[in-house]
Every structure is written in C-alpha cells, then in structure tokens.
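Participant: need coordinates for the following:
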Amino acid sequence: MKKAPLHWMDLDIDERKNAVVELGLPKFRAAQISNNWFGRLNSDPDSWTDLPKEMRAKISDKFFPNLMEPVSTQSADGGQTVKVAWRGLDGSIVESVLMAYPNRVTLCISSEAGCGMGCPFCATGQGGLQRNLSTAEILQQLMVANQQLEEGLIPGHNRVSNIVFMGMGEPMANYKAVMGAIHAMTTPKPDGFGMSARGITVSTVGLVPKMLQLAEEGMQFNLALSLHAPDDELRDELIPINKRYGVDATLNAAWNFAKVTGRRVSIEYAMMRDINDQAWRADMLAKKLHARGDWGWFHVNLIPLNPTPGSKWTASRKSDEKAFIEHLERSGVPTTMRETRGREIDGACGQLAAAVREGRVQPSTQASK
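Facilitator: From the prediction side, this is the model:
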C-alpha cells in the first residue's frame, strides 16, 4: 500500500529545525511553524502571517501534504459522541470517535488501517490489515478533533483531554509510529499538543515483547490489555495471537508494566453471551490476577459487546453480567462496566469504515475539514 508522505508531525523538534535549515530557512522558523500548527491549531499555512508570504507556499508544499480526508461523520448520544471515517491517500478507511463527558473529552483513535490480529468478534479484525498509519496520520485525528471542538462541535468543550488507542488496529504492531504520536501529544506547546501522559491509554491484545518495551519508555501513560478470556483454550479462539503469547505470559507482561511504571493496568473484558461470561470464568480471572499480587496493579473493565450485524458474537444477558461482576467483586477485584456509546450508529470499532467501503454510508456534509 502507498506510504503516507512525510509531514511536519512526523518529525521531532530537532528534525524540524534541521528540515527548515535544509529548506534554506533560519532555524528559528521551526518554532514559528509549530506554534501555528500545535499552538494555534491553524492548519492553513497561507494564513501564517508571522512568516514571510514567499515562504508559506514552500513550507506548505514541503511539510504539510494532505494525509487523510474525513468522508463520513455520525453523531449519537445527543451530540456527545461523534464518529468520523477518514480516507487515506491510498483509499484506505480508518475511524476515530470523539466522546464528551462532563469533565473530559476522550478521543478514540486508530493506529492502523484495518488490523492483522484476526479476532473473530471484531469488525476491524475481519477486514484484515491494509497498512500501518504514519505518526502524522495518527495525530491528524487529534488535530482535527481539537479544531472541531474549538469551533463549537460539542458546546462546553474546546480540547481533547484524553486519548485511547482503541480504534482500528493493534497499536503495538505499529510501535514506532504510535510512540512518535504519543511524544508529540505530550510535548509541551508550541512544539506539541501539551497533553498529560496520564490521560493517554495504549491498548493491546497482548504482544508481549512490545508490552515489555513499552514499560521501559519512561512515560506515565496507561496500558489496557484486551484479555477477554482467562483461559488459553477460549482465548486462543478469541485472540489468535494468544497461541504465541498465552494468558500467563500476557498477564506477566501487564504486571511488569505496572511494576515498572507504577501505573495500574486496565484488564479489558468484552462480555459475550454464552462465550466468556460464565461466573466460573470470573473466578478464574480473579485467581490469575491475585496470583500476581494484591498491590492494586490491575482493574477489570467489563465491556458490553457492541455486536456487528449478522455476527454470532453478541452482548451478554444482564443477569450474566450481574453474576460476573458479583463474582469478581466478591473476590476483591476492582471492577467497572464501561458506559456504552454510539449504539444507534455504527458503534462497534470498524463498522463505519466497513459501511463507507461498501457504499452503505454516503459521505456526510458534516465531514468538511
């Protein structure tokens, strides 16, 4: 697949300085460019009046190519949830989801076009992997979300405060670009977005070597492990990579992340009717977590499955959810049930992208940026 062209957001601070010098400009212009882009959220170089007019076109052509275009937008939850489908230069489709809460705005972003992990209950996984996104393509999802908020998309909110790498793709399979994006997100303005690392969560299905590497990055972001089953027999079916890195190895890597960083790991568990929602599996999960220590290193986040049309994978009964939670809590496992967003739209990860690819959703007039 076609690789995304190099963008200003792909470069770190020193690389930006070197790049403007190579373009024949003074080094200090790098800070001015970044201030316009990250500080002012101004994505129109022609309007950057602190730069000489004759420089703007040169800078725009060199450092600010088009990357992805929003092609469809869906709103739900009274306008508090906004889902966007993006089309890359090669025609690949990815998604991002903006979710507003009373005290925060969370952006769920994609790190790949498609996904190569092949999890059968996931709409994205069923489409396979098209390609990795570049650092800049990942960051553009945040840039545009911030611009939309500043323009009043969701009244009362003007900046994204939290990032979850839980959109399309396996972040640990695109490690370099994801870490480049996190560094840009957390770099203080005007050289980055100035976000707190503690507001960023990286999700993985359990690529153990990358989880171990992640723990050594020296940053205070969060890790979410998509476990979905406490036993290898079932997890092999739900998460094919489990055949390489089993439940115990995966939980050991999660425990290591918590030990090294001091950050509690979120154990993600999508509740699937008659598949993984038996009370005895809750007891097994509790036992495996407690076996690695009771010092607060984990938290279980149960997720009502957002089913894809025609799939055998569907949400658990409320009675089974209740019993599962009771068994976890009785075992002393801190547990929450995730608030479900976007059920009246193509809510599950990958559904809107699939609808756009298949022509079932027409380009939205809301997707104007």
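Participant: could you give the mean pLDDT of stretch 180-195?
Facilitator: Across stretch 180-195, the average pLDDT comes to 97.
Participant: what residues does it touch?
Facilitator: Residues from elsewhere that reach stretch 180-195 (CB atoms under 8 Å, 6 or more residues apart in numbering): 9-10, 12-13, 31, 34-35, 38-39, 111, 135, 138-139, 142, 146, 160-161, 163, 196-197, 200, 202, 219, 221. For every residue, glycine as well, the C-beta is placed using N, CA and C.
Participant: got the CA coordinates for that stretch in PDB?
Facilitator: Only the C-alpha atoms of stretch 180-195 are listed here, as PDB (Å, rounded to 0.1, in the frame of the first residue of the first chain):
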ATOM      1  CA  GLY A 180       6.100   9.100  17.900                       C
ATOM      2  CA  ALA A 181       2.400  10.200  18.200                       C
ATOM      3  CA  ILE A 182       2.500   9.900  22.000                       C
ATOM      4  CA  HIS A 183       5.700  12.000  22.200                       C
ATOM      5  CA  ALA A 184       4.000  14.700  20.000                       C
ATOM      6  CA  MET A 185       0.900  14.600  22.100                       C
ATOM      7  CA  THR A 186       2.800  15.100  25.400                       C
ATOM      8  CA  THR A 187       5.400  17.600  24.200                       C
ATOM      9  CA  PRO A 188       4.600  21.000  25.700                       C
ATOM     10  CA  LYS A 189       3.100  23.600  23.400                       C
ATOM     11  CA  PRO A 190       4.100  25.100  21.000                       C
ATOM     12  CA  ASP A 191       6.200  22.100  19.900                       C
ATOM     13  CA  GLY A 192       3.400  19.500  20.600                       C
ATOM     14  CA  PHE A 193      -0.200  19.300  21.900                       C
ATOM     15  CA  GLY A 194       0.800  19.600  25.500                       C
ATOM     16  CA  MET A 195      -1.300  16.800  26.800                       C
END
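Participant: helix, strand or coil: sort out the residue lying closest to residue 331 once chain neighbours are set aside for me.
Facilitator: In space, and not counting its chain neighbours, residue 331 is closest to residue 286: 3.5 Å by CB to CB, 6 or more residues apart in numbering. Of the three states, residue 286 takes helix under DSSP: H, G, I helix; E, B strand; the rest coil.
Participant: circling back: out of the contacts of stretch 180-195, which are buried?
Facilitator: Buried members of these, counted by 16 or more other CB atoms under 10 Å: 9-10, 31, 34-35, 38-39, 111, 135, 138-139, 142, 146, 160, 163, 197, 200, 202, 219, 221.
Participant: how many neighbours does residue 278 have?
Facilitator: 16 (other CB atoms under 10 Å).
Participant: now do the contacts for it.
Facilitator: Counting by CB under 8 Å, 6+ apart, residue 278 touches 320, 324.
Participant: measure it to residue 327 for me?
Facilitator: Distance, residue 278 to residue 327, using CB to CB, to the nearest Å: 9 Å.
Participant: check which helix or strand covers residue 100.
Facilitator: Per DSSP states H and E: residue 100 is located in strand 93-101.
Participant: report the angle between the helix or strand just after that strand and strand 93-101.
Facilitator: Downstream of strand 93-101, the first helix or strand assigned by DSSP H and E is strand 104-108. Put simply, strand 104-108 runs at 170 degrees to strand 93-101, going by axes from the mean of the first three to the mean of the last three CA atoms, to 10 degrees.
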